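Student: Could you look at this predicted model? Sequence included:
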Amino acid sequence: MVASQAEADARVVRLGARAALASGVVFLITIAYTFGFLAARGLTTDLLNVPAQLLPWINANTLAWVELWWIFTTHLVLLLPLPAALAIVAGSRRASIRVATTAGVSGAVVGMAAAMVIAATAPALGRAAVNNPPALLPNVLLISELAGSFALHLRLLSYLLLSLWLTITGIALRRTPGWRALSIAQFAVSALTLVVLIAKPFDWLDLEPSLGFVFALVYLWMGVALLRTTSR
């Protein structure tokens, strides 16, 4: 019975390791797609903050824009097995780790919902901004602001849940041999997330792209660490 449980745990850890590596790679692809492919088509950070200019751009680049959010969603789908795998290393029987695992999976799901809000509403809003009479443009912009704000706050909630997962598991892993450096990195990501959560809604400081890059690197690090765990 003990051996079979150990084998089952090992399978979960291996799956989580591969999922972490895949998620990290896809997240990096998301960033490269945004600042490479979409930037070459005229997307800028300034444009993102001006709906009156962004919506016509989305109308002209609908497929490319929607693909961005499906790629983003893909990295979160791949992330789903990782919290359970990390929990095995951190101590899955602890109540705090069970809470952390739930937070990690919930964060991924909420992030998917945020991406789908944008993917579902942006094409119609882009067409409306271009094809409707100018007198209706303020209404279109208002709906765009509401959809964008809703997606933003879902995304921030996703980051909050993921940072909670990283913080709790980091506390558990800090004394585990071979995991101390990663646990420190998890604390650093959680601190950066807190800065983004405070600053982003008020447009004080936009560190979200940097946060995404750091998350991707941590996922890759976790994947490597979990693979080393299974090879011991």
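Tutor: Received it, and whenever you're ready, just let me know what you need.
Student: contacts, neighbours, all on C-alpha from now
Tutor: Will do.
Student: tell me the secondary structure for Leu43?
Tutor: With DSSP: H, G, I helix; E, B strand; the rest coil as the basis, the three-state label of Leu43 is coil.
Student: In this protein, where is pLDDT below threshold?
Tutor: Within the chain, the set of residues satisfying pLDDT under 70 comprises 1-3, 232.
Student: So what touches stretch 218-232?
Tutor: When contacts are taken as Cα atoms under 8 Å, 6 or more residues apart in numbering, the neighbours of stretch 218-232 outside the stretch itself are 10, 13-14, 16-25, 85-86, 179, 182, 185-186.
Student: Just the residues contacting the host helix or strand of Leu182, thanks.
Tutor: Using DSSP states H and E, Leu182 sits within helix 180-199. When contacts are defined by Cα under 8 Å, 6+ apart, helix 180-199 is touched by residues 156, 159-160, 163-164, 166-167, 169-171, 173-174, 205-208, 211, 214-215, 218, 221-222.
Student: filter these to the buried ones?
Tutor: Among these, those scoring as buried are 156, 159-160, 163-164, 166-167, 169-171, 173-174, 206, 208, 211, 214-215, 218, 221-222 (criterion: 16 or more other Cα atoms under 10 Å).
Student: Those in helices, which ones?
Tutor: Within the buried ones among the contacts of helix 180-199, membership in helices is found for 156, 159-160, 163-164, 166-167, 169-171, 173, 208, 211, 214-215, 218, 221-222, as judged by DSSP state H.
Student: Look up how far Leu86 lies from Val13.
Tutor: For Val13, the distance to Leu86 under the criterion Cα to Cα, to the nearest Å works out to 7 Å.
Student: check contacts around Leu38.
Tutor: The neighbourhood of Leu38, defined by Cα under 8 Å, 6+ apart, consists of Ala64, Trp65.
Student: Give me the buried stretch members for stretch 28-43, please.
Tutor: Residues of stretch 28-43 classed as buried by neighbour count (16+ other Cα under 10 Å): Leu28, Ile29, Thr30, Ile31, Tyr33, Thr34, Phe35, Leu38, Leu43.
Student: Tell me which entries of the residues you listed lie within helices.
Tutor: Secondary structure of the buried residues of stretch 28-43 is defined by DSSP H; positions in helices are Leu28, Ile29, Thr30, Ile31.
Student: quick one: contacts for the second one?
Tutor: Contact criterion Cα under 8 Å, 6+ apart gives Ile71 as the residues in contact with Ile29.
Student: do the same with the last one
Tutor: Remark: with contacts taken as Cα under 8 Å, 6+ apart, Ile31 is in contact with Pro209, Gly212, Phe213.
Student: same question, the first one
Tutor: Contacts here follow Cα under 8 Å, 6+ apart; on that basis Leu28 touches Phe213, Ala216.
Student: For Pro123, see how far away it is.
Tutor: The span separating Leu28 from Pro123 equals 25 Å under the rule Cα to Cα.
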